[in-house]
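K.L.:
fold the following.
(one chain, ligands or ions: 1)
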Amino acid sequence: MPAVDTRPPFAAIGGRVPGEWAALPTPCYLLDEGALARNGKILGDLAARTGCKVLLAQKAFSNYDLYPILAPYLAGTEASGLYEARLGAEEMPGKEVHVFCAAYRDDEMAELLRWADHIVFNSPAQLARFGPAAKAAGKSVGLRVNPECSTQEGHAIYDPCAPGSRLGTTRAQWDAAVAQNPALPQLLDGLHFHTLCEQDSDALAVTLDAVAAKFGDLLPAMKWLNMGGGHHITRSGYDVATLERCIARAQRDWDVTVYLEPGEACALNAGFLLTRVLDVVHNGDTTVAILDASAACHMPDVIEMPYRPPLLFAADAGEKPCTVRLAGPTCLAGDVIGDYSFDAEPQPGDLLVFGDMAIYTTCKNNTFNGMPLPAILARAADGSCRVLKEFGYRDFKVRLGH
Ligand SMILES: Cc1ncc(COP(=O)(O)O)c(C=O)c1O
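P.N.:
Residues are numbered from 1 along each chain as shown. Next up, the predicted model:
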């Protein structure tokens, strides 16, 4: 076993398991305040240098106890609907609240107008339906556009520009809607696009060209352009200079305020999932370690995206002497985190530390099979850990009945 694991997801703990972690309950999520602050500073410095505004996309990270760490660097929050909009308004007070939803409901609009400052609509029909009320309430109104420019191959599940996508208005859809309702453009204060996922700024530059080609004639009349999320700005090696050129281009060509709404970049490599081995079984050539954490329940992106979380001191299958399949304890045959290799076979009771577990985890987990929700802890800059939230049987039961 190497003395130190130097990969970025483990930088916050110096590539070692801190001794006091042996006493922590498992499974638990451990959110690293120092790493969050470092991400915040990178984003805040970008905003200061360029004049763009950066929002936290709460769908990726909504552990609001730690919003005060990010808030000084951000212009506000981005929400996917009513509840996240309210959370942002309540927990990052005094900052902007932006919301985008693929379709809003009639019965939520009045309350949404209470919490949100910017409301982005997905279709001309939704814009026509709710835009006038939003404008009358003094809100900034936007339309999500689809530049029909895929910059990722083979990942249709997270490509909003995939053929037949429901996300964003294409130019053809817009032109058809305006032909029917010529007053539509007057409702708009801004345009929004979100097409990237964990990408570098070269993909943004290509996308911005497509936005300019398809919607450039609309942009001079806009106050703002929101470039969505998916910018991996805080990843080491990310090309910040190209991002800055994209921002400057939008500011210069269309005189708009540029918004970015990253989720991952805000909390990248800022959390861990601690889990213990419960059992090790051998089936033919396959060794399986069953953990007290579940892919299906506690890191659903492992199955949905699919995503392979980094594991401290472990390598890809076959790289080290002992390859082991790590799996959860639920009934789902596919509750598998992945095949990892170790210097020696993990034993029941061993502590395993997954990295980059602050994003799309605590806000996405579930209690399938009656699995307990992991406690959420915070790790302060001095290394001390405190419990933010523990869960029990009641949290499982309360969602299922009276
Ligand atoms: C509209 C919108 N904005 C922002 C984000 C945040 O993306 P990421 O966490 O990849 O930065 C998403 C993610 O799906 C999104 O759909």
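K.L.:
for the chain, which helix is longest?
P.N.:
helix 33-50 (DSSP state H).
K.L.:
mind exporting the C-alpha coordinates of whatever helix or strand comes next after that one to CSV?
P.N.:
Using DSSP states H and E, the helix or strand that follows helix 33-50 in sequence is strand 53-57. Once non-C-alpha atoms are left out, strand 53-57 reads as follows in CSV (Å, rounded to 0.1, in the frame of the first residue of the first chain):
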residue,chain,number,x,y,z
LYS,A,53,-21.4,35.9,-12.2
VAL,A,54,-21.1,32.4,-10.9
LEU,A,55,-24.0,30.5,-9.3
LEU,A,56,-24.1,27.2,-7.3
ALA,A,57,-26.2,24.6,-9.2
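K.L.:
the following helix or strand past strand 53-57: which residues count as buried?
P.N.:
Sequence order places helix 67-70 as the next helix or strand after strand 53-57, per DSSP H and E. Residues Tyr67, Ile69, Leu70 are the ones in helix 67-70 that count as buried (16 or more other CB atoms under 10 Å). C-beta: built from backbone N, CA, C; applies to glycine.
K.L.:
and for stretch 269-278?
P.N.:
Neighbour counts over stretch 269-278 (16+ other CB under 10 Å) mark Asn269, Ala270, Gly271, Phe272, Leu273, Leu274, Thr275, Arg276, Val277 as buried.
K.L.:
which ones are touching the closest residue in space to His194 that isn't next to it in sequence?
P.N.:
Counting by CB to CB, 6 or more residues apart in numbering, His194 lies nearest to Gly228, which is 2.7 Å off, once chain neighbours are set aside. Residues counted as contacts of Gly228 (CB atoms under 8 Å, 6 or more residues apart in numbering) are His192, Phe193, His194, Thr195, Leu196, Leu260, Glu261.
K.L.:
pull the most distant pair out of the buried residues of stretch 269-278.
P.N.:
Ala270 and Val277 (25.0 Å; CB to CB).
K.L.:
can you give me the buried ones in stretch 384-400?
P.N.:
Buried residues in stretch 384-400, counted by 16+ other CB under 10 Å: Cys385, Leu388, Phe396.
K.L.:
now stretch 305-318
P.N.:
Buried residues in stretch 305-318, defined by neighbour count with 16+ other CB under 10 Å: Tyr307, Pro309, Pro310, Leu311, Leu312, Phe313, Ala314.
K.L.:
tell me the secondary structure at the spatially closest residue to the fifth one that is not a sequence neighbour.
P.N.:
Closest residue in space to Leu312, ignoring its immediate chain neighbours: Val353 at 4.1 Å, by CB to CB, 6+ apart. Judged by DSSP: H, G, I helix; E, B strand; the rest coil, the three-state class of Val353 is strand.
K.L.:
so stretch 229-238, near the ligand or not?
P.N.:
Yes: judged by CB under 6 Å from any ligand atom, stretch 229-238 comes into contact with the ligand at Gly229, Gly230.
K.L.:
quick revisit: which of the buried residues of stretch 269-278 fall within strands?
P.N.:
Using DSSP state E, Gly271, Phe272, Leu273, Leu274, Thr275, Arg276, Val277 are the members of these that sit in strands.
K.L.:
which one of those is nearest the ligand?
P.N.:
Of all those, the ligand sits closest to Gly271, with 13.8 Å by CB to the nearest ligand atom.
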